[in-house]
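Engineer: sequence below, structure please.
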Amino acid sequence: MERQRLMLRTQYVLIVTALSMGGLVASGLLKVWHIFLFTLITGIAWSFNEPVRQSLVPNVVPKRDLVNAIALNSAGFNLTKIVGPALGGVLIALFGAAGNFFVQSAAYAGVLVMVYLMHVPPTPKEARRSSALANLKEGFAYVWSTPAVLALMMTAYVPRVFAVPYQTLMPVFQKDVLGVGPEGLGMLMAAPGVGGVLAVLMLATISSRMRRQGLLLLVSLIFLGAFLILFSQTASFPLAMMVLVAIGACQILFMATTNTMLQLIVPDELRGRVMSLYML
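Structural biologist: Presented below is the predicted three-dimensional model:
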């Protein structure tokens, strides 16, 4: 299937799902199973949307700007981590929970229009002629037979397994270690996003002069581990905030560099499959 068409279809699903949840909340008919179903459908839609969106980046920006484009994409994600909770609270206060879902559906509709207006090169025939299972097997085979891609994929999984889950422990640190209230938890959750935005600004500054991306990947991974160890040992809230900013910066530097290197190595007809495996 054409990548642009797949993105449009996932946006339709997200719009309908958000509208349905808004209607259920507004009518007072919402049940617990509705919430589980909403989460399931949204997760499935994003599991299709995100790899396709990542694989489209090299098709719509010049190669020299690829690092900046991927970094800006990461910046958008981190800005939502900072602004999203606060904006969600304001929207709920203004329009209620149902109105929040309606605003969400309107935002999805805006993205739908932008995707529709994009000029995207057609998906190579080699990427469209096989079944989904055959495509997945071909993606695995390519990764396994290409040492550089396999090394990048294995390196990318390390922080996802051993580093990124620190965020799930944040409420424990907030209450039992740092002794701060809900406001403090919100600040702790937003701090890595601030670091991510700073990292994007740094990448935008040095990308044109950056020649050894592998070195940046390795250094950012080492510092990510070091700052996580430091965070685990601190009982000071201000110090924890500064360390979390550094963690967020290292995390984005690592992710953006890994993503860029994969996008440059993998051929266009296999990029979607490889990015799907990368984002597992």
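Engineer: count of neighbours near Arg64?
Structural biologist: Neighbour count of Arg64, defined by other CB atoms under 10 Å: 9. Any C-beta I mention is one placed from the backbone N, CA and C, and that applies to glycine too.
Engineer: same question for Asp268.
Structural biologist: 15.
Engineer: just Pro62 next, same as before
Structural biologist: Other residues close to Pro62 by other CB under 10 Å number 8.
Engineer: mind checking how far it is from Leu178?
Structural biologist: Distance, Pro62 to Leu178, by CB to CB, to the nearest Å: 45 Å.
Engineer: what's the helix or strand encompassing Leu203 in contact with?
Structural biologist: Per DSSP states H and E: Leu203 is located in helix 182-206. For helix 182-206, contacts defined as CB atoms under 8 Å, 6 or more residues apart in numbering pick out 67-68, 71-72, 74-75, 77-82, 85, 167, 170-171, 173-174, 178, 180, 237, 240-241, 244-253, 256.
Engineer: just stretch 25-35 next, same as before
Structural biologist: Contacts of stretch 25-35 (CB under 8 Å, 6+ apart): 21, 24, 96-98, 101.
Engineer: could those go into a markdown table alongside secondary structure, distance to Ala156 and pLDDT?
Structural biologist: Formatted as a markdown table, the contacts of stretch 25-35 follow (DSSP: H, G, I helix; E, B strand; the rest coil; distance: CB to CB, whole Å; pLDDT from 0 to 100):
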| residue | secondary structure | distance to Ala156 | pLDDT |
| --- | --- | --- | --- |
| Met21 | helix | 33 | 94 |
| Leu24 | helix | 38 | 94 |
| Gly96 | helix | 40 | 85 |
| Ala97 | helix | 36 | 84 |
| Ala98 | helix | 39 | 89 |
| Phe101 | helix | 33 | 91 |
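Engineer: just the buried members of those?
Structural biologist: Using 16 or more other CB atoms under 10 Å as the burial test, the contacts of stretch 25-35 include 21, 24, 98, 101 as buried.
Engineer: which parts of the helix holding Leu203 are buried?
Structural biologist: Buried residues in helix 182-206, counted by 16+ other CB under 10 Å: 184-200, 203.
Engineer: tell me which of the contacts of helix 182-206 fall in strands.
Structural biologist: In strands, defined here by DSSP state E, there are no members of those.
Engineer: selecting buried members of the residues you listed in ChimeraX, what would you type?
Structural biologist: ChimeraX command restricting the contacts of helix 182-206 to the buried ones, with burial defined by 16+ other CB under 10 Å:
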select :67,68,71,72,74,75,77,78,81,82,170,173,174,178,180,237,240,241,244,245,246,247,248,249,250,251,252,253,256
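Engineer: please narrow the contacts of helix 182-206 to those residing in helices.
Structural biologist: Counting by DSSP state H, the contacts of helix 182-206 place 67-68, 71-72, 74-75, 77-82, 85, 170-171, 237, 240-241, 244-253, 256 in helices.
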